[in-house]
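Trainee: Here is my input; please provide its structure:
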Amino acid sequence: MGAALASITRAGDVVLLRGDLGAGKTTLTRGLVRAKCGDESMVVTSPSYLLDNTYKYDEDEDDDDNDDDDESLEVKGETGGNRRKRGEGVLHHMDLYRLPTGSDLSMLDVPAIYKEAICVIEWPQRIGPKYMPLDYLDVNITIQTHTHTTSHSRDEHLGSSSSSSSSSSSDVKEQEEKEKRKEEEEEEEEEQGGDERQGGQTRIVTLTPSSSRWTSLLKRGFDLL
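Mentor: The predicted structure follows:
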């Protein structure tokens, strides 16, 4: 899935990744980054503390190479931003989990960066209205577990914890941190072990385009819509 998204994304595209802890947001991003950079062994981890990891790639390297001019050409994108037709592109992988909702994202060069690079953003729920992109692809990953035990989502778990008279806000925060650390540890193990799918689980990925442009891109790159 990540590799398929890599085939249709260009500078100026924003992908918002939603899903509970451990759903596979970073795994999907890893596939996208590796395909975009042409390096299947590239180490791609969640920028949980750094907030933003950047990767450089050769943009549109499959285009016609008959043009003798080696300099990047700028063309007007459908969203109004300038896109580099050829040359070096930049991909930003952001993880906003540890930021409060509605935080000032100007430190990440948002929203200007939306026009200049590919942006893949985990936990977009933290983005306030001021910094939301106008055009984006929304990707939601859910886990279907094939057992008789009911699997609760992170939000349900936190809801039950906060409603319990014996739980405090600090207990909830501590549980959040434990779950986030567990997710990061699982990502590291997955990175070392070769992206093996966990047994008994199916990931369901729902793609929601925000515009007809994204719908066209998906139809062109996937046989899904």
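Trainee: quick one: the helices in the chain?
Mentor: 2-6, 25-37, 113-116, 154-163, 169-193, 212-221 (DSSP state H).
Trainee: Now do the third one, average pLDDT.
Mentor: Throughout helix 113-116, pLDDT has a mean value of 95.
Trainee: Mind listing what's buried along it?
Mentor: Within helix 113-116, the residues scored as buried using 16 or more other CB atoms under 10 Å are 113-116. Bear in mind the C-beta positions are built from the backbone N, C-alpha and C, glycine included.
Trainee: need the helix or strand of this protein with the lowest average pLDDT.
Mentor: Every helix and strand in the chain was compared by mean pLDDT, DSSP states H and E; the lowest is strand 74-76, with a mean of 41.
Trainee: I'd like to know which of the helices of the chain has the weakest mean confidence.
Mentor: helix 154-163 (a mean of 43).
Trainee: contacting residues around the nearest residue to residue 121 once chain neighbours are set aside?
Mentor: Among residues not flanking residue 121 along the chain, residue 94 sits closest, at 4.6 Å (CB to CB, 6 or more residues apart in numbering). By CB atoms under 8 Å, 6 or more residues apart in numbering, the contact list for residue 94 reads 47, 51-53, 108, 119-122.
Trainee: Same question for residue 4.
Mentor: Residues near residue 4 by CB under 8 Å, 6+ apart: 221-222.
Trainee: mind checking how far it is from residue 97?
Mentor: 25 Å (CB to CB, to the nearest Å).
Trainee: Same check on residue 114?
Mentor: Residue 114 is 20 Å from residue 97, by CB to CB.
Trainee: Same question for residue 107.
Mentor: Per CB to CB, residue 107 is found 16 Å from residue 97.
Trainee: Which residue of the two possesses the greater neighbour count?
Mentor: residue 97 (19 against 9; other CB atoms under 10 Å).
Trainee: now the more buried one, nearest residue through space, not along the chain?
Mentor: Spatial nearest neighbour of residue 97, chain neighbours left out: residue 123 (4.6 Å); criterion: CB to CB, 6+ apart.
Trainee: and if you look at residue 101?
Mentor: residue 126 is the one closest to residue 101 (CB to CB, 6+ apart), at 5.1 Å.
Trainee: can you tell me which residues contact the one you found?
Mentor: For residue 126, the contacting residues are 96-97, 99-103, by CB under 8 Å, 6+ apart.
Trainee: That one and residue 216: what is the separation?
Mentor: For residue 126, the distance to residue 216 - CB to CB - is 29 Å.
Trainee: now swap in residue 6 and tell me
Mentor: Taking CB to CB as the measure, residue 6 falls 17 Å from residue 216.
Trainee: if you count what's nearby, which of those two comes out ahead?
Mentor: A direct count of neighbours by other CB under 10 Å for residue 6 and residue 216 places residue 6 higher, at 20 against 14.
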